[in-house]
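>>> Next come a sequence and a model predicted from it.
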Amino acid sequence: VFTWALAMFLEWKLAKFPIIPPRLFNEWYNILVLLICFCHGFTFIAATYYLPLYFQTVLQSNPIMSGVYVLPLVLSLAVGSGTTGIVMKKTGRFRELIIGGMALMALGFGLFIDFKAYASWPRIIIFQLITGLGVGPNFQAPLVAFQANIRPADMATATATFGFVRQLSTSMSIVLGTVIYQNMMSQQSAKLIASLGAETAATVVASFGGTSKSLVSRLTPSQRKVVLGAYTHALNRMWIFYTCMACLGFVLAIFIRRRELTRNHTIQK
């Protein structure tokens, strides 16, 4: 955060040709759109990163199958994104798509909290479909909303700024999600030690992703139940965090106002 603030100060006061012109932030509308972009990027990347982690730690699948299990999210995301482009081209409207997408994404991540310590396929498939349909629209719609409210001469820098905010949010998201996961696992150390012993419990707490598979396979059924329950608990608390971020994005989206999209093409120097 400090580095980001320092960079913006340099762009504002010292740069002759700023990469991110401060004038992009003169209107609250633009700041609102970028905050929605941040919340969307922060939340959606968690599904693509931590769902395979759930499949590999809790369901004990291999990396290839964890990729197969995430297909409902990927396919519905593609459908939602493609449909959004068509609707915006036909109607020129984006506000409803942003709000609807953020609402579905918040609902989907909220449903992820109900994932079990066993393979409940109706949950796994339906929850991912809902989430993907919510994630898809907000790859394009907020960018269009941003571009509709800036000078044509700022189109390139505004698009780059939008992409920068998304990259920043996704990188922060994975770090913070991992911190939550590891803290939740550490809080369950006493329960794991009582069931597994100190040495094995420490290995379980430190394990991540596919590294746990060989360890879990050596445990007794009762011990395996405790370990998988601990993994599920840690992941569920992490989903709560991302649901809150998605809900914040939904609240921000409500304040987006409609802007008229032009069909005229202009060339700017």
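That came through fine.

>>> How about the contacts made by I130?
Contacts here follow Cβ atoms under 8 Å, 6 or more residues apart in numbering; on that basis I130 touches 76, 104, 107-108, 111. Every residue, glycine included, has its C-beta placed from N, CA and C.

>>> Of those residues - the most surrounded one?
Compared across the contacts of I130, G108 has the highest neighbour count, 27 neighbours, by other Cβ atoms under 10 Å.

>>> got the contact list for that one?
47, 127-128, 130-135.

>>> Just give the closest residue to it, not the sequence neighbours.
Leaving aside its chain neighbours, G108 sits nearest to T131 (2.8 Å; criterion: Cβ to Cβ, 6 or more residues apart in numbering).

>>> Just say helix, strand or coil for the one you found.
Under DSSP: H, G, I helix; E, B strand; the rest coil, T131 falls in the helix class.

>>> Please flag which of the contacts of I130 sit within helices.
In helices, defined here by DSSP state H, the members of the contacts of I130 are 76, 104, 107-108, 111.

>>> For the helix or strand bottoming out on mean pLDDT in the chain, list every residue counted as buried.
Here the helix or strand of the chain ranked lowest by mean pLDDT, DSSP states H and E is helix 213-217, holding a mean of 75. Across helix 213-217, burial judged by 16 or more other Cβ atoms under 10 Å covers V216.

>>> Buried residues of the helix or strand just after it, list them for me.
Using DSSP states H and E, the helix or strand that follows helix 213-217 towards the C-terminus is helix 221-254. Buried residues in helix 221-254, defined by neighbour count with 16+ other Cβ under 10 Å: 223-224, 226-236, 238-239, 241-243, 245-250, 252-253.

>>> Same question for stretch 190-208.
Buried residues in stretch 190-208 (16+ other Cβ under 10 Å): 192-193, 195-196, 200-201, 204-205, 207.
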